[in-house]
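> Model the structure of this input:
(one chain, ligands or ions: 1)
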Amino acid sequence: MTATEHASTATQSNWITRDYHAAAELAQAIADALRAAIGARGQALLAVSGGRSPLALFAALREQELPWERVTVLLADERCVPPDHADSNSALVREQLLQGRAAAASWQPFFGQLPGGDSADWSEAELAALADGANAALAALPWPLDVLVLGMGEDGHTASLFPASPGLEAALHSSARVAWVRPVAAAHSRLTLTLPTLLEAGSVFLPLAGAAKLAVFARASQGPQPELPISLVLHGARHPVQVWLTP
Ligand SMILES: O=C(O)[C@H](O)[C@@H](O)[C@H](O)[C@H](O)COP(=O)(O)O
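Modelled structure (predicted):
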């Protein structure tokens, strides 16, 4: 594994790129960060992202030997769909991560009940009420995040901070933990951890695979750009973002 530290005094950005070839390497690093947090404060708050990429990581991470009973798991973002919907990140985490050794972890969903119908059609008032409920449900968690595993779309979104989308501005600047976003180019309205909540995480992991995502990462590396929300994490995170690169 090679590690290259990038630090830019001009933009105060900082990240570390690491090449890797097996999800087990990334899972080991995430487990090490969880163990360190548990050692430091007796517990660990872990936020993970959904999507397709994390499947191999979850399979490796759930078998890591660590005191999972001291870990609370939540999502970085969630599609506003029922927990048994095919697009539910909650279902993905329950089925793929909270198994095996990791079944001992505590799970904190964003919501239980949802309004009816397609969330893309819900009013902003309905979305705001759902976000308020999520903030109430998550208020008692041991913030800040100790470990955050982000993904990135080819439009530069991360979590559900989707560029040029209704709700994004509030999600970038809110003092709340959770905000709503209605992506202009993706299905379902979403709830997402807000940018300030993401930025204060103790350890941030950003695995990226494929040429298209690497090209977006190169653009995002140039500086903070609201049209590339991932760049706001890269250049604003309190601790160096670990960018894990695989072909
Ligand atoms: O709800 C989601 O979809 C994720 O939280 C999202 O931020 C994801 O990380 C990216 O869209 C990348 O998704 P892939 O891993 O499927 O490319």
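> Determine the longest helix present in the chain.
Identified as the longest helix of the chain according to DSSP state H is helix 23-41.
> Now do the helix or strand that it is followed by: distance to the chain's middle.
Using DSSP states H and E, the helix or strand that follows helix 23-41 in sequence is strand 44-48. Offset of strand 44-48 from its chain centre (Cα atoms, centre = their mean, to the nearest Å): 9 Å.
> buried stuff in stretch 138-152?
138, 141, 144, 145, 146, 147, 148, 149, 150, 151, 152 (16 or more other Cβ atoms under 10 Å). Heads up, the C-betas are built off the backbone N, CA and C, glycines and all.
> my bad, stretch 187-198
Applying 16+ other Cβ under 10 Å to stretch 187-198 flags 188, 189, 190, 191, 192, 193, 194, 195, 196, 197, 198 as buried.
> contacting residues for the residue in the chain positioned nearest to the ligand?
Closest residue of the chain to the ligand, Cβ to the nearest ligand atom: residue 151 (2.1 Å). By Cβ atoms under 8 Å, 6 or more residues apart in numbering, the contact set of residue 151 is 49, 50, 51, 53, 54, 158, 206, 207.
> mind running it again at 10 Å?
Residues in contact with residue 151 (Cβ atoms under 10 Å, 6 or more residues apart in numbering) are 48-54, 57, 76-77, 157-159, 205-209, 213, 230.
> quick revisit: do the longest helix of the chain and the ligand meet?
No: contact of helix 23-41 with the ligand is not found when judged by Cβ under 6 Å from any ligand atom; the minimum separation is 12.6 Å.
> ok, back up a step: please name the nearest non-neighbouring residue to the residue of the chain closest to the ligand.
Among residues not flanking residue 151 along the chain, residue 49 sits closest, at 4.2 Å (Cβ to Cβ, 6 or more residues apart in numbering).
> thinking again about what came up before, roughly how far apart are the residue of the chain closest to the ligand and residue 204?
Distance from residue 151 to residue 204, counting by Cβ to Cβ, to the nearest Å: 12 Å.
> thinking again about what came up before, what is the distance between the longest helix of the chain and the centre of its chain?
With Cα atoms, centre = their mean, you get 16 Å for helix 23-41.
> what do you get for stretch 191-209?
5 Å.
> Show me which residues of the protein sit near the ligand.
So the chain meets the ligand at 49-53, 76-77, 79, 89, 151-153, 157-159 (Cβ under 6 Å from any ligand atom).
> Skipping adjacent residues, who's closest to residue 106 in space?
Nearest non-adjacent residue to residue 106 (Cβ to Cβ, 6+ apart): residue 72, at 4.4 Å.
> In terms of helices and strands, where is that neighbour?
strand 71-75.
> partners of that strand in the sheet?
strand 44-48 (parallel), strand 106-107 (parallel) (DSSP bridges).
> which strands and helices sit next to the following helix or strand past it?
On the C-terminal side of strand 71-75, the nearest following helix or strand under DSSP H and E is strand 77-79. Applying 3 or more Cβ pairs under 10 Å, 6 or more residues apart in numbering; DSSP states H and E, one finds that strand 77-79 contacts helix 89-96, strand 178-181, strand 190-193.
> chain center to the last one, what's the gap?
On the basis of Cα atoms, centre = their mean, the separation between the geometric centre of strand 190-193 and that of its chain is 10 Å.
> Each with direction, which strands does it pair with?
For strand 190-193, pairing defined by DSSP bridges yields strand 77-79 (antiparallel), strand 178-181 (antiparallel).
> which of those strands is buried the deepest?
Mean neighbour count (mean count of other Cβ atoms under 10 Å) peaks for strand 178-181 among the strands paired with strand 190-193, with a mean of 28.
> Show me what the mean pLDDT comes to for it.
In this model, strand 178-181 carries a mean pLDDT of 98.
> pull the CA atoms of it into PDB?
Only the C-alpha atoms of strand 178-181 are listed here, as PDB (Å, rounded to 0.1, in the frame of the first residue of the first chain):
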ATOM      1  CA  VAL A 178     -29.700  15.900   9.400                       C
ATOM      2  CA  ALA A 179     -31.200  17.800   6.500                       C
ATOM      3  CA  TRP A 180     -33.300  16.900   3.400                       C
ATOM      4  CA  VAL A 181     -32.200  17.100  -0.200                       C
END
